[in-house]
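Colleague: Provided below are the primary sequence and the corresponding predicted coordinates.
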Amino acid sequence: MAMTARERILTCLAGEEPDKIPVCVYGGMTWSGGDMVSFDEPWTRRLMKRGMCLNSFTSPHKPVFGTMGLDRHLENVKYTEITSVEKGISKIRRIFETPVGTISEVLRESPTEGVPFGAKDEFLVKERSDWRVINYIFKGMLNKMAPNYDEFKRVEEELGDAGITFAYIGRTPYQRAWIDLATLERTLIDFDEKPEEIQEYIEIQRQLHTRIAEIAAESPALFIDIMDHPTDITPPKYYREYCIPFYEIYSKALDGTGKVLGIHSDGRFGHLKKEFADSSFKVIESYTVPPVGDVSLTEAKSLWPDKMLFVNCPPHLYFVEYEEIRKGYESLADEWGSKKGILIENSEPPLAKGEMHLSAALDALGY
Amino acid sequence: MQRLQDIADAVLAGSIRETKELATRALAEGIPAMQIINEGLSAGLEVVGNRFKTGEVFLSEMVMSATAAKAGIEVATQNLEKGQYQQKATMVLGTVKGDVHDIGKNLIALVLRTRGFKVIDLGIDVHEDEFISAVREHKPEFLGMSCLLNMTMKNMRDTIDALVEAGLRDTVKVVVGGCSVTQDFASQIGADGYARDVATAIDLMEGLLAEIKG
């Protein structure tokens, strides 16, 4: 008897061989107007009947901030939003006023249909002293950190056999600094010079991740996904100093729970081959295959025999037609050579051709 | 000179603090700012660029070195009168309409500034008319366009067409780059140059600049 979509993923996460390589979509991202799970799309339902799985992402903790920035409801922090339109583009200025200072960021409306405010015109940290405000806010977040299990269970129940909920976790300190909080240049200078503010930031992040790891370990989640995004501009020395030790916090907390730790990492990370081998996570989630990625499946299997790959939306198959997509997925499956340790996922299938693209993947993988 | 070699080594090591300290000491010792830049900071960055091209260093290390060199230039030029620090050419740069990805563009801007180029960075999601206005205003030698998304590549062509319509195409060299762009595409849309990464962008710009200066 064929496995359900959920069983297929659970088998994969357990390190065993499912009946077919799981094919998943991120539930309710860009294509259904922001609903949590896109059950209502007729074409999604058609594909789910064939065995396609929905991946939902839920934070295991409250306040929920994940990769999106800072909690806006803290005691002693006044949060204000000012919206404006400049040259026809909607923008939001988010202002955080605290007893130790005020910081603000400017987000602009994404020109990509269906994607809400995303790109930053201004980051929160502009001057070195702004890290003090960041630290004040993170301390507040740490003090009110609590489980979010009810929401997690609600989403799991909604998904049923159709999918699984991934517990997403915010980034490690260096990655969080340059992606979410400050420009790359500001981050590089401050992490090189390591003033008191940065040392305090790193220590607070350590405490925050330790608390989140405890919550994740006791949560109903089976897959814990750190949205870390190490890529080709993450220096190996900072990866060793600020990523690997933080993954250790999670792997130690999860030890013996049966839960699997992964990191979200798409793009190019070929310069971190050795560092990935030395990292304690078991899954590289959102893996990008060549030619856009720079580590082939064959090389990955040899470099990291104990890790699983969740291959995300191969860019070279994004705009091509059905037959080329089908052959592309067949070729990926042939290259990997097994149904074990691999999963196909799609965070952003082509909006107008989602059904065609995913049907081709299902056809290629024996559904 | 040992001090300049030390500065180059600090840039090579990507040490921002050390680069700034050494540049400060060099100034105090009476070494002219332009000599610090050319024989220390730029020399170090050139070694990094060459090593990047041969695969000996990674992009992340090049970014750290460029950041160190830029910090050193800020120290070296702090006491110069306006106009004493001559820049070799100007580039108007932006991520094209519909695209908000700026990491690659920012790296190009960072490295070009350390190599003596003046960069007018228009930011992300830059529409054709904004590129045209900036070319009119700044009269740059170069117009640089970047994009990450496949779906926004066509906006590079639209910008070049708009330059032609505005009668400005012959006044500026157009260079393009970004994850989804290829040499074939650059040729198809009539760009003057294509760079696949930061190091090749520098070579491309220096080569085109030599052509311009003839």
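Modeller: Sure thing, it's come through.
Colleague: please count neighbours and contacts with C-alpha atoms only from this point.
Modeller: OK.
Colleague: pretty sure residue A:95 sits against residue A:105.
Modeller: Yes: under the criterion of CA atoms under 8 Å, residue A:95 makes contact with residue A:105 at 6.8 Å.
Colleague: show me the domain layout of chain B.
Modeller: Using automatic domain parsing, the domain parsing of chain B gives B:2-76, B:89-213.
Colleague: now the most centrally placed residue in chain A: how far from chain B?
Modeller: Nearest to the geometric centre of chain A sits residue A:227, at 3.4 Å (CA atoms, centre = their mean). Look at residue A:227 and chain B: by CA to the nearest CA, to the nearest Å, they are 18 Å apart.
Colleague: that residue against residue A:264, yeah?
Modeller: Yes: assessed by CA under 8 Å, residue A:227 is found in contact with residue A:264 at 4.7 Å.
Colleague: the chain: helices as residue ranges?
Modeller: Unless you meant another one, I'm taking chain A. For chain A, the helices defined by DSSP state H cover A:5-13, A:42-50, A:130-143, A:149-159, A:173-176, A:184-193, A:196-217, A:236-238, A:244-254, A:273-277, A:297-303, A:322-336, A:354-364.
Colleague: should've been chain B
Modeller: B:2-13, B:16-28, B:33-35, B:42-53, B:59-76, B:103-114, B:128-138, B:154-165, B:183-188, B:198-213.
Colleague: out of those helices, nearest to residue B:172?
Modeller: Residue B:172 lies closest, by CA to CA, to one member of the helices of chain B: helix B:128-138, at 8.0 Å.
Colleague: show me which residues of that closest one are buried.
Modeller: Residues of helix B:128-138 classed as buried: B:128, B:131-132, B:134-135 (neighbour count, 16 or more other CA atoms under 10 Å in any protein chain shown).
Colleague: now do the contacts for residue B:28.
Modeller: By CA atoms under 8 Å, 6 or more residues apart in numbering or on different chains, no residues touch residue B:28.
Colleague: now residue A:9, nearest residue through space, not along the chain?
Modeller: residue A:22 (6.2 Å; CA to CA, 6 or more residues apart in numbering or on different chains).
Colleague: which single residue of chain B ends up nearest chain A?
Modeller: Across chain B, the shortest distance to chain A (CA to the nearest CA) belongs to residue B:60, at 4.0 Å.
Colleague: I'd guessed that residue sits against residue A:232; true?
Modeller: Yes: applying CA under 8 Å, one finds residue B:60 in contact with residue A:232, separated by 6.0 Å.
Colleague: next, the angle helix B:59-76 makes with the lowest-mean-pLDDT helix or strand in chain B.
Modeller: Within chain B, no helix or strand scores below helix B:103-114, which has a mean of 87 by mean pLDDT, DSSP states H and E. Here helix B:103-114 runs at an angle of 40 degrees relative to helix B:59-76 (axes from the mean of the first three to the mean of the last three CA atoms, to 10 degrees).
Colleague: pLDDT score for residue A:37?
Modeller: As predicted, residue A:37 sits at a pLDDT of 38.
Colleague: could you do residue A:28 as well?
Modeller: Residue A:28 is given a pLDDT of 50.
Colleague: ok, now residue B:48?
Modeller: 92.
Colleague: try residue A:135
Modeller: Per-residue confidence at residue A:135 stands at 97 (pLDDT).
Colleague: check contacts around whatever residue of the stretch 201-350 of chain A ends up closest to chain B.
Modeller: Of all residues in the stretch 201-350 of chain A, the one sitting closest to chain B is residue A:233 (4.0 Å; CA to the nearest CA). The contact partners of residue A:233, taken as CA under 8 Å, 6+ apart, are B:59-61, B:63.
Colleague: try residue A:311
Modeller: Residue A:311 neighbours (CA under 8 Å, 6+ apart): A:285-289, A:342-345.
Colleague: so what's it bridging to?
Modeller: residue A:287, residue A:344 (DSSP bridges).
Colleague: flag every residue of chain B that's near chain A.
Modeller: Contacts of chain B with chain A, taken as CA under 8 Å from any CA of the partner chain, map to B:15-17, B:58-61, B:63-64, B:67, B:98-101, B:125, B:179.
Colleague: how many residues are close by residue B:204?
Modeller: When neighbours are counted by other CA atoms under 10 Å in any protein chain shown, residue B:204 registers 17.
Colleague: let me fix that: residue B:65
Modeller: Close neighbours of residue B:65, defined as other CA under 10 Å, add up to 28.
Colleague: for it, which non-adjacent residue is spatially closest?
Modeller: Sequence neighbours aside, residue B:14 is the residue nearest to residue B:65 in space, at 4.1 Å (criterion: CA to CA, 6+ apart).
Colleague: one more: residue A:279?
Modeller: Nearest residue to residue A:279 in three dimensions, chain neighbours excluded: residue A:244, at 5.6 Å (CA to CA, 6+ apart).
Colleague: enumerate every residue touching the nearest residue to residue A:215 once chain neighbours are set aside.
Modeller: In space, and not counting its chain neighbours, residue A:215 is closest to residue A:147: 5.9 Å by CA to CA, 6+ apart. Residue A:147 makes contacts with A:60-62, A:215, A:219, as judged by CA under 8 Å, 6+ apart.
Colleague: can I get the residues you listed in JSON lines with pLDDT, distance to residue B:86 and neighbour count?
Modeller: As requested, those are exported to JSON lines (pLDDT from 0 to 100; distance: CA to CA, whole Å; neighbours: other CA atoms under 10 Å in any protein chain shown):
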{"residue": "A:60", "pLDDT": "93", "distance to residue B:86": "55", "neighbour count": "30"}
{"residue": "A:61", "pLDDT": "93", "distance to residue B:86": "54", "neighbour count": "24"}
{"residue": "A:62", "pLDDT": "89", "distance to residue B:86": "54", "neighbour count": "19"}
{"residue": "A:215", "pLDDT": "98", "distance to residue B:86": "57", "neighbour count": "20"}
{"residue": "A:219", "pLDDT": "97", "distance to residue B:86": "60", "neighbour count": "21"}
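Colleague: can you report phi and psi for the residue lying farthest from the centre of chain B?
Modeller: The C-alpha centroid of chain B is most remote from residue B:29, which lies 29.8 Å away (CA atoms, centre = their mean). Main-chain dihedrals, residue B:29, degrees, to the nearest 10: phi -80, psi 0.
Colleague: which stretches of the stretch 1-150 of chain A have low pLDDT?
Modeller: Applying pLDDT under 70 to the stretch 1-150 of chain A flags the ranges A:28-40, A:66-68, A:110-118.
Colleague: change it to 90
Modeller: Along the stretch 1-150 of chain A, segments meeting pLDDT under 90 span A:1-2, A:25-45, A:54-58, A:62-73, A:86-91, A:107-121.
Colleague: any idea how far residue A:103 is from residue A:123?
Modeller: 9 Å (CA to CA, to the nearest Å).
Colleague: so for those two, which residue has more residues nearby?
Modeller: Just comparing residue A:103 and residue A:123: by other CA under 10 Å the higher neighbour count belongs to residue A:103, 21 against 18.
Colleague: for that one, give the beta-bridge partners.
Modeller: Residue A:103 has these beta-bridge partners by DSSP bridges: residue A:96.
Colleague: which residues touch it?
Modeller: Residue A:103 neighbours (CA under 8 Å, 6+ apart): A:95-97, A:124-125, A:130, A:133.
Colleague: follow-up on the earlier one: give me the pLDDT value at the residue farthest from the centre of chain B.
Modeller: Residue B:29 is given a pLDDT of 96.
Colleague: burial count for residue 202?
Modeller: Using chain A here. Neighbours of residue A:202 under the rule other CA under 10 Å: 20.
Colleague: my bad, the chain I had in mind was chain B
Modeller: Residue B:202 has 18 nearby residues by other CA under 10 Å.
Colleague: list the contacts of it.
Modeller: residue B:112.
Colleague: hmm, try it at 10 Å
Modeller: The contact partners of residue B:202, by CA atoms under 10 Å, 6 or more residues apart in numbering or on different chains, come to B:46, B:49, B:108, B:111-112, B:115, B:195, B:208.
Colleague: equivalent analysis for residue A:188, please.
Modeller: A:174, A:177-178, A:182, A:194, A:235, A:238, B:14-16, B:63-64, B:67-68.
Colleague: many thanks, we can stop here.
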